[in-house]
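**Q** coordinates for the following, if possible.
(one chain, ligands or ions: 1)
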Amino acid sequence: MQDILNDICKTITAEPNKGKVASYIPELACIDPEQFGISVALPDGQVFNAGSAHQLFSIQSISKVFTLTIALGKLGDAIWSRVGREPSGDPFNSIVQLEHESGKPRNPFINAGAIAVTDAIMMGHKPRETLGEILQFVRFIADDNSIGIDEKVAQSEKLTGDRNASLAHFMAAFGNLKNPVEQVLGTYFHHCSISMSCEQLAQAGLFLVSDGINESTGFRVVSAQRARRINSLMMMCGHYDGSGEFAYRVGLPGKSGVGGGILAIAPGKASIAVWSPGLDSIGNSKLGTQALELLVQKTGWSIFGH
Ligand code: DON
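**A** Below you'll find the model as predicted:
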């Protein structure tokens with residue numbers, strides 16, 4: 001495995017076209033696109049790293065996997081009255097379907113869906129309390145208490161957050177937000193601004209590899225059925241209108257973030273995190289996807305075969 005990752009790292013770092021870093025969040029616009037990291041965490045506790053696997057980056061929309069998991073724990077199936085579970089076929093920040101579909105976002109991974117999920121898990125609590133809970137959960141699943149939020153990124157998102165504010169107000173107009181819009185947005189921006197390394201992220205995904213149990217810590221995080229369902233949502237919706245392309249090229253459930261990270265799950269095999277800040281035109285990591293494509297070619301991992 002170490003040889004495979006070293007090879008991938010060599011290929012990816014030599015790639016001339018890195019994609020474009022997200023510029024709509026000013027704090028992310030100044031990240032060096034030349035960086036690349038990859039980590040593969042196995043259920044038996046082994047972790048393999050290559051490149052800048054210990055460098056912290058902004059996990060952005062990957063946090064939506066964690067907030068969905070928390071929401072399912074708190075509300076169970078009731079969350080599905082607030083948000084759907086169909087691919088949107090639209091960009092992550094699109095507003096068009098919200099009007100036709102009465103303020104109910106298509107799925108928990110587009111921005112509108114994640115904002116509704118954030119509102120649902122607040123349950124009348126203050127942003128600080130909800131953020132504390134999200135952070136505690138992420139630290140628990142990654143088995144790492146050092147994980148924190150990058151306040152500068154959160155403030156930067158807030159400054160340029162008109163688009164998310166529009167989505168939130170639009171949902172509020174349909175009665176699909178229960179807490180004050182400003183508080184929901186503040187909580188959402190902050191959980192998107194959690195900083196993690198590839199290694200921490202790969203560890204955090206382990207519960208999705210082994211039917212809800214993090215085998216390396218021995219803790220059950222969710223039921224087997226719930227883990228499978230979260231994986232199915234990642235497969236169908238985790239890359240927005242690029243989800244079909246990701247399924248075709250990589251064949252694993254995955255969730256991307258505009259910080260350039262991707263968490264991918266090979267059920268029964270491994271949790272994989274990659275990071276390359278440059279994005280494709282859809283907003284998914286360009287070389288991160290390519291690295292995962294190389295990894296599945298070399299390992300044979302796929303949910304569509306064995
Ligand atoms: O709300 C936003 O636009 C960002 N905080 C998250 C978007 C994102 O990561 C989309 N992913 N590829």
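**Q** show the low-confidence segments of the chain, by residue range.
**A** Low-confidence segments of the chain (pLDDT under 70): none present.
**Q** spatially central, which residue of the protein would that be?
**A** By Cα atoms, centre = their mean, the chain has its centre lying nearest to residue 62, at 1.2 Å.
**Q** for it, list the residues it contacts.
**A** 201, 255-257, 261-263 (Cβ atoms under 8 Å, 6 or more residues apart in numbering). Where you see a C-beta, it was placed from the backbone N, CA and C, and this is true even at glycine.
**Q** cool, residue 259 as well?
**A** 22, 28, 31, 57-60, 275, 277.
**Q** dump the residues you listed into CSV; add distance to the ligand as well.
**A** As requested, those are arranged in CSV below (distance: Cβ to the nearest ligand atom, whole Å):
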residue, distance to the ligand
22, 8
28, 9
31, 13
57, 12
58, 8
59, 8
60, 3
275, 13
277, 12
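**Q** count the neighbours of the closest residue in space to residue 189 that isn't next to it in sequence for me.
**A** Spatial nearest neighbour of residue 189, chain neighbours left out: residue 157 (4.3 Å); criterion: Cβ to Cβ, 6 or more residues apart in numbering. Residue 157 has 25 neighbours, counted by other Cβ atoms under 10 Å.
**Q** for residue 157, give its distance to the ligand.
**A** Per Cβ to the nearest ligand atom, to the nearest Å, residue 157 is found 5 Å from the ligand.
**Q** got it, and residue 127?
**A** 15 Å.
**Q** for the top helix by length along the chain, buried residues please.
**A** Ranked by residue count and defined by DSSP state H, the top helix of the chain is helix 127-142. The neighbour-count check on helix 127-142 (16 or more other Cβ atoms under 10 Å) flags 127, 130-131, 134-135, 137-142 as buried.
**Q** just flag the most distant two among the contacts of residue 62.
**A** 201 and 256 (11.8 Å; Cβ to Cβ).
**Q** need the phi and psi values for residue 89.
**A** Per-residue torsions, residue 89: phi 70, psi 10 (degrees, to the nearest 10).
**Q** re earlier: next structured bit after the helix or strand where the residue nearest to residue 189 lies?
**A** Assigned by DSSP states H and E, residue 157 belongs to helix 151-159. Helices and strands here follow DSSP H and E; after helix 151-159, the next one along the chain is helix 162-173.
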